[in-house]
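S.K.: Quick one, fold the following:
(4 chains, ligands or ions: 4)
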Amino acid sequence: MAEKTYLQAISDALRQEMRRDKRVYVIGEDVGVYGGAFKVTLGFQEEFGPWRVIDAPLAETAIVGSCTGAAIMGLRPVAEMQFADFVSCGWDQLVTVAAKQRWRVGTPVPFVVRLPSGGGFSGGPFHSQNPESSFAHIPGLKLLCPATPEDAKGLLISAIEDPNPVLYFEHKHLYRRIKGEVPDERYTIPIGKARTHQEGDDVSVITWGAMVYTATEAAKELGDVSVEIIDLRSIMPWDKQAVLESVRKTSKVLVLHEDTLSGGFGAEIAATIAEEAFEDLDAPVKRVAAPDTPVPFSPPLEKAFIPQVEDVVKGLKELADY
Amino acid sequence: MAEKTYLQAISDALRQEMRRDKRVYVIGEDVGVYGGAFKVTLGFQEEFGPWRVIDAPLAETAIVGSCTGAAIMGLRPVAEMQFADFVSCGWDQLVTVAAKQRWRVGTPVPFVVRLPSGGGFSGGPFHSQNPESSFAHIPGLKLLCPATPEDAKGLLISAIEDPNPVLYFEHKHLYRRIKGEVPDERYTIPIGKARTHQEGDDVSVITWGAMVYTATEAAKELGDVSVEIIDLRSIMPWDKQAVLESVRKTSKVLVLHEDTLSGGFGAEIAATIAEEAFEDLDAPVKRVAAPDTPVPFSPPLEKAFIPQVEDVVKGLKELADY
Amino acid sequence: MAVREAEPVASLSEVKEAGLDREDLLGIYRSMLITRGIEERGHILYKQGKIPGSFYTGRGNEAASIGVATAMGPEDVGTPLHRDMGVHVVRGVETWRIFAQYMGREDGPTRGRDGNVHMADARLGLIAMVSHLPAMLPVAVGCALAFRIREENRVAVGWFGEGASARGDTHESMTFAGTRRLPVVFVCDNNQWAYSTPTHLEYATDHVADRAGAYGFDGVVVDGTDVLAVYREAKRAIEKAREGGGPTLLECLTLRMEGHAVHDDAFYVPKEMFEEWAKRDPLERFRVWLQEHANMTGEEEEEIAAQVKKLLNDALNRAEESPLPTPEQLLEGVYATPEDLDTPHHK
Amino acid sequence: MAVREAEPVASLSEVKEAGLDREDLLGIYRSMLITRGIEERGHILYKQGKIPGSFYTGRGNEAASIGVATAMGPEDVGTPLHRDMGVHVVRGVETWRIFAQYMGREDGPTRGRDGNVHMADARLGLIAMVSHLPAMLPVAVGCALAFRIREENRVAVGWFGEGASARGDTHESMTFAGTRRLPVVFVCDNNQWAYSTPTHLEYATDHVADRAGAYGFDGVVVDGTDVLAVYREAKRAIEKAREGGGPTLLECLTLRMEGHAVHDDAFYVPKEMFEEWAKRDPLERFRVWLQEHANMTGEEEEEIAAQVKKLLNDALNRAEESPLPTPEQLLEGVYATPEDLDTPHHK
Ligand SMILES: Cc1ncc(C[n+]2csc(CCOP(=O)(O)OP(=O)(O)O)c2C)c(N)n1
Ligand SMILES: Cc1ncc(C[n+]2csc(CCOP(=O)(O)OP(=O)(O)O)c2C)c(N)n1
Ligand SMILES: [Mg+2]
Ligand SMILES: [Mg+2]
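M.R.: Ligands and ions are numbered 1, 2, ... in the order given. You can find the predicted model right below:
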């Protein structure tokens, strides 16, 4: 057990898996000599050599598509997108080939794409996005969004073990800001299981990624309203049962995400709650998310874009008072 | 006024606009000499020449990306995807460039992509998809899904007139099956306005595209339950007001679409209703959609995949009995 | 790096040098007959209303697909496309399963989930294509990357059409394979039409293979109706890749002898073009070659034809007995389970 | 179709032939100083904490960007990238607006919505880049297509890096432009590094321009530190395109003289490489050339330097006065209105 940053937890987990399992290799732009744009793979190439830590050409389709081939040949590729935003250039390979191959012809395609995502530091429209909602709609892909160093490690290992294409969203704003105890030994966290970040009785917040911390801050400001925070961790599959249980307990729920509102994955959660826990609800299902715009660069705009503690406080109060 | 198929209405509208407005041109695979895979542009190249009816290389990124450039230069491109499914190969150009340019730098990007979509004739996983939900989440794009020949014409003209990138989904299963009166003169249908396909008092169905007809069949089987059918026509922007008004009237609502359930645009509609019409609801918001799998080829599977009249009947009865 | 235009194969001795004995040659001929037979029967099935959706054939491409597949080693892998039924045949797919696939039956390799040649038996070293062209090229490159990482002497073969050569996937695949000298052979089925689109609207060079130099490897153009020439060139390319010599772009020039799919009468293809290429029918060419160079007797010919006919009849009958999938199967297997990994291709 | 390696420009008379008089030359020099000055000041602003996010410069690329921009006609359009500040300068962007852009202020061309060189003034014939590389190439090709459709004598210029040459967008753009002989010039800013990735991992040929032949047009490699050689070659390519001669791939060879962005110390670039290329600093080279071939006097030099300094100071001051955008602005203009179409570029 040691205290580690979120980033260190990811890096260590990946290194551990590569030591353990020769089938695991890393591919991406600048992941080798440079150690990755965020230094997650720093020192990896020295240890594992240039054919297990592969500096790819600037070609996301080749990166993602080759993972499908190598995975089918029995390897366990872990691709890095330099920023999650650039996965749009690998979209077709993911949704058309990787996602559907198992269902169509029975061939599992076990690989992981790591996606440094999220905003909060003026990355602008193309270095700040949270593209998980787009992929959550595509059957055949799994999507993970860890919020803590412990989950970051355990879920990455689970992702590598999983026999499916897994998109692993790592929030850039948590990389160095968030620290926590991380077990040294190898462990997995089950995919599809939520984590109760904080227990409470009056209102539930369903969220993931960096917003877990925003929700925590907001809950502190609520005074005597008792807030339960469910950290989904896994977006697809998602832990419907845990969510519904929490909602049945509190009868009020706020769904929170950093991605934009309309058609965001929060809609799926809200719709499911509205359908399956209708009788348990004492208030409308509230969604707090970014407005429907690209991610802005300038700080005052970005602050207005990313859900802030006060936005969540406001939502929670409205629910509490309903 | 003349009776026309849905396909003829699209074709005639496009030809009318090209005659009227020299800025309009057509580009796509096999749209010229061949007249398009579905013959929507049959005879166009003879009339307008090879530089206004452009046989493109097999290259969706070039097709869609070039539309952005030509649109900014003042033309009004209308691109055809051979099948809607292949738009996945133009995803990045649409979501990264076209969708964000107006907001980022004030440059409007007025073009239309026509997407023959939908299943029902054993097209299999790659010739049957309804990709509107993926795009509905991307701010900056407009999405249309006409269900009638009259709307098909009016909305296509509106799309061409609109100063934004517009995805125009034309359902292949309606092409030759659906006929209706279509005015000869030029007219537009406002983007963002739903159409009440059928008035009713007991339950509302919110749907679009081919599912409008499935809902109509289902409503007929309901006997004395009075069903209101709202045909959204426009998915983004969507007519929240019309939907909420209908829900306030009936207090029960079923959201129906052909695309897969989880993260489908129905979730956004259901979530919105659940949040904004909470007090008006007498039953949970029900969603009927395809299950979360790729689109199957073999008829018994495809029938199980695409929402059938009986599925809608079942859902409506449950709501009526709630 | 210049493109080489391959010579036809002249003599039996040359063929022997390339590693084929007389048995092999008759086997190739047999595969060609089976391939054509499957697609002709498929066409009939389609007209009988037994095949849902659309129907594609590779008529005219039999020599190209079979020549390449014959040159592949047993451990090599490939991603054949909709004109490459011959690859499946050579790799040993059971014929009845193809008919079952056509008809959307449970015993097709996709169990009715996908149609046409959107299928493959992974145990035979083939990966099932998707419709999106040429999205399987990056996948083939990934297979080659795996071989390189594990230092195996295996080669991946990726197919693409001359139309699909225009798409970015082609470029990224060749760029990656070229810079890393991966053991992959890119086979272009150049049948001169991409649906209705002629070649000059898809690429601005004389040959698709002219582009190989842009990726740092060799390009070869071969007459795709000459099965032995295709075999020889594919063999060279594959063995070169196996020995660490990097990729080759092998372009097989043919004509698509039917419409793009069954609904298309190909009105846009000049009649003379069909007439000219009909004279170079790959089966007929090889039949004559076998008579002239390998003394194939009329008896042998008849025997093979009879075998093939029986094979096809039996396969059709068996396929027709295969049930349609049941609705409950729809939801199975969207996600793989750990047990799914216990398959040969994941070894 | 072979690649041509361009000669340096030797004499003033040669330059005059290419259409530049002495005033123009001093103007180019001035633009180079402004370009470098903007980025140097930007760097200081960044260190002062006044620029949020990251910060990129095009140090070492000034001759390349300015040479090409100078060759463009007033009605031509372009899609310059993050190393091409010089293009904005030559086309006449107001300097203070760039500083405002850097600092996320309301008077930047994107009004604080985007940062860095992710901007352009459409009225100057430039289209703002996105981060995704080289997603602006298909857009440039679309501009050229519009010119072709309307039979206008205009040319589009699309920029891309040698790293981005690996992506599919490059290929589809060149394929489409090549088959249709569209009036577009593809300019490759080859600064030998894509972030930390060296060229041999991005392409397997000697030059990126070696690929031009694969698309049926000419490739030219030019020393990107020689502004006049770049100008001459760009002019040729642009005028060729204007006359219906189709695209050219013009590769400007430079070295990225700093890290990928401000956080990157470029440890992976061999020190000798920096030293060697430092000797070929584009500004210094051109300064000496002007002294030797155009008799630029010390006085003139000082005057230009003083002008530029004043311009930059004034611009900085004015930019610092520009307000930050207000939160309410966030929601404006996700969708264009019909009135938005009443802009010059939509005429
Ligand atoms: C990305 C993509 N866009 C469009 C299509 C539709 N389509 C199917 S086959 C075809 C023509 C393919 O031409 P070519 O690559 O030459 O292969 P051929 O069919 O001639 O063997 C087209 C456009 C597709 N399959 N994939
Ligand atoms: C599609 C895409 N993937 C990844 C990136 C991240 N990225 C930004 S710049 C860069 C290197 C670009 O290299 P090159 O094209 O040579 O341009 P340079 O920066 O050297 O001018 C990378 C990988 C990107 N911008 N776009
Ligand atoms: Mg073809
Ligand atoms: Mg570079």
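S.K.: the helices in the chain, which residues?
M.R.: Looking at chain A here, since you left the chain open. With DSSP state H as the criterion, chain A has helices at A:6-20, A:44-48, A:60-72, A:91-92, A:99-105, A:132-136, A:149-161, A:211-220, A:240-250, A:265-276, A:299-305, A:309-321.
S.K.: think we crossed wires, I meant chain C
M.R.: C:12-17, C:22-47, C:62-71, C:85-91, C:95-102, C:136-150, C:168-180, C:227-242, C:271-278, C:282-294, C:298-321.
S.K.: Take those helices and write them to a markdown table, including mean pLDDT and distance to ligand 1.
M.R.: Quick note: C-beta positions are derived from backbone N, CA and C, even for glycine. A markdown table is the format used below for those (pLDDT from 0 to 100; distance: least, Cβ to the nearest ligand atom, whole Å):
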| stretch | mean pLDDT | distance to ligand 1 |
| --- | --- | --- |
| helix C:12-17 | 88 | 28 |
| helix C:22-47 | 98 | 13 |
| helix C:62-71 | 98 | 10 |
| helix C:85-91 | 98 | 12 |
| helix C:95-102 | 98 | 18 |
| helix C:136-150 | 98 | 11 |
| helix C:168-180 | 98 | 8 |
| helix C:227-242 | 97 | 16 |
| helix C:271-278 | 98 | 14 |
| helix C:282-294 | 97 | 15 |
| helix C:298-321 | 98 | 24 |
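S.K.: Quick one: closest of the ones you listed to residue A:208.
M.R.: helix C:136-150 (30.1 Å; Cβ to Cβ).
S.K.: Who's the closest spatial neighbour of the most centrally placed residue in chain C, skipping the chain neighbours?
M.R.: Note on chain C: the residue nearest the mean C-alpha position is residue C:84, at 2.6 Å, using Cα atoms, centre = their mean. Spatial nearest neighbour of residue C:84, excluding adjacent residues (Cβ to Cβ, 6 or more residues apart in numbering or on different chains): residue C:65 at 4.1 Å.
S.K.: that older thread, tabulate the helices of chain A (TSV), appending mean neighbour count.
M.R.: Output for the helices of chain A, formatted as TSV (neighbours: other Cβ atoms under 10 Å in any protein chain shown):
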stretch	mean neighbour count
helix A:6-20	21
helix A:44-48	17
helix A:60-72	30
helix A:91-92	26
helix A:99-105	25
helix A:132-136	26
helix A:149-161	25
helix A:211-220	22
helix A:240-250	18
helix A:265-276	26
helix A:299-305	20
helix A:309-321	18
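S.K.: Nearest to residue B:293, out of the ones you listed?
M.R.: helix A:99-105 (6.1 Å).
S.K.: Check whether stretch C:313-329 comes near chain B.
M.R.: Yes: Stretch C:313-329 reaches chain B (Cβ under 8 Å from any Cβ of the partner chain) through C:324-327, C:329.
S.K.: what do you get for stretch A:207-226?
M.R.: No: contact of stretch A:207-226 with chain B is not found when judged by Cβ under 8 Å from any Cβ; the minimum separation is 14.4 Å.
S.K.: which residues are in contact with that stretch?
M.R.: A:117-118, A:120, A:130, A:145-148, A:169, A:171, A:173-174, A:178, A:197-198, A:200-203, A:205, A:227, A:229-233, A:235, A:255-258, A:307-310, A:312-313, A:316-317, A:320 (Cβ atoms under 8 Å, 6 or more residues apart in numbering or on different chains).
S.K.: tell me the contacts of residue A:127?
M.R.: Residue A:127 neighbours (Cβ under 8 Å, 6+ apart): A:83, A:85, D:53-54, D:131.
S.K.: quick one on the thing from earlier: and the residue nearest to the centre of chain C, how far from chain A?
M.R.: 16 Å (Cβ to the nearest Cβ, to the nearest Å).
S.K.: what number of residues lie near residue 197?
M.R.: Picking chain A for this. Residue A:197 has 23 neighbours, counted by other Cβ atoms under 10 Å in any protein chain shown.
S.K.: could you do chain C instead?
M.R.: Using other Cβ under 10 Å, residue C:197 has 24 other residues around it.
S.K.: Hmm, residue B:55 and it touching each other?
M.R.: Yes: with contacts defined as Cβ atoms under 8 Å, residue C:197 counts as touching residue B:55 at a distance of 5.6 Å.
S.K.: mind listing what the residue of the stretch 101-250 of chain C found nearest chain D touches?
M.R.: At 1.6 Å from chain D, residue C:168 is the closest residue in the stretch 101-250 of chain C, using Cβ to the nearest Cβ. Counting by Cβ under 8 Å, 6+ apart, residue C:168 touches A:61, B:59, B:61, B:89, D:167-172.
S.K.: follow-up on the earlier one: can you verify my assumption that the residue nearest to the centre of chain C contacts residue C:189?
M.R.: Yes: between residue C:84 and residue C:189 there is a contact under Cβ under 8 Å: 6.9 Å.
S.K.: what residues are shared contacts of those two?
M.R.: C:58, C:61, C:64-65, C:159.
S.K.: ok so, going back, reformat the helices of chain C as a markdown table; add distance to ligand 4.
M.R.: A markdown table is the format used below for the helices of chain C (distance: least, Cβ to the ion, whole Å):
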| stretch | distance to ligand 4 |
| --- | --- |
| helix C:12-17 | 47 |
| helix C:22-47 | 47 |
| helix C:62-71 | 37 |
| helix C:85-91 | 40 |
| helix C:95-102 | 47 |
| helix C:136-150 | 23 |
| helix C:168-180 | 15 |
| helix C:227-242 | 30 |
| helix C:271-278 | 45 |
| helix C:282-294 | 47 |
| helix C:298-321 | 55 |
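S.K.: could those helices be laid out in TSV, adding distance to residue D:177?
M.R.: As requested, the helices of chain C are exported to TSV (distance: least, Cβ to Cβ, whole Å):
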stretch	distance to residue D:177
helix C:12-17	43
helix C:22-47	37
helix C:62-71	30
helix C:85-91	34
helix C:95-102	40
helix C:136-150	22
helix C:168-180	14
helix C:227-242	30
helix C:271-278	28
helix C:282-294	36
helix C:298-321	48
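S.K.: Nearest to residue D:138, out of those?
M.R.: helix C:168-180 (9.8 Å).
S.K.: The residue in the stretch 201-347 of chain C that ligand 2 sits nearest to: what's it in contact with?
M.R.: Across the stretch 201-347 of chain C, the shortest distance to ligand 2 (Cβ to the nearest ligand atom) belongs to residue C:214, at 17.1 Å. Applying Cβ under 8 Å, 6+ apart to residue C:214 gives the contacts C:174, D:205, D:210-211, D:213-214.
S.K.: Next, the closest residue to ligand 1 within the stretch 201-322 of chain A: phi, psi?
M.R.: Relative to ligand 1, the nearest point of the stretch 201-322 of chain A is residue A:263 (24.5 Å; Cβ to the nearest ligand atom). Per-residue torsions, residue A:263: phi 70, psi 10 (degrees, to the nearest 10).
S.K.: Now do the same contact list for residue A:18.
M.R.: Neighbour list for residue A:18: A:24-26, A:44, A:47-48, A:52 [criterion: Cβ under 8 Å, 6+ apart].
S.K.: Relative to residue D:257, which of the residues you listed is nearest.
M.R.: residue A:44 (28.5 Å).
S.K.: Report the spatially nearest residue to the closest one, omitting neighbours in sequence.
M.R.: residue A:53 (4.5 Å).
S.K.: Endpoint to endpoint, stretch C:238-247 covers what distance?
M.R.: For stretch C:238-247, the first-to-last residue distance is 8 Å (Cα to Cα, to the nearest Å).
S.K.: just to revisit the earlier point, the contacts of residue A:18 into a markdown table, with extra columns for pLDDT?
M.R.: Formatted as a markdown table, those follow (pLDDT from 0 to 100):
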| residue | pLDDT |
| --- | --- |
| A:24 | 98 |
| A:25 | 98 |
| A:26 | 98 |
| A:44 | 98 |
| A:47 | 98 |
| A:48 | 98 |
| A:52 | 98 |
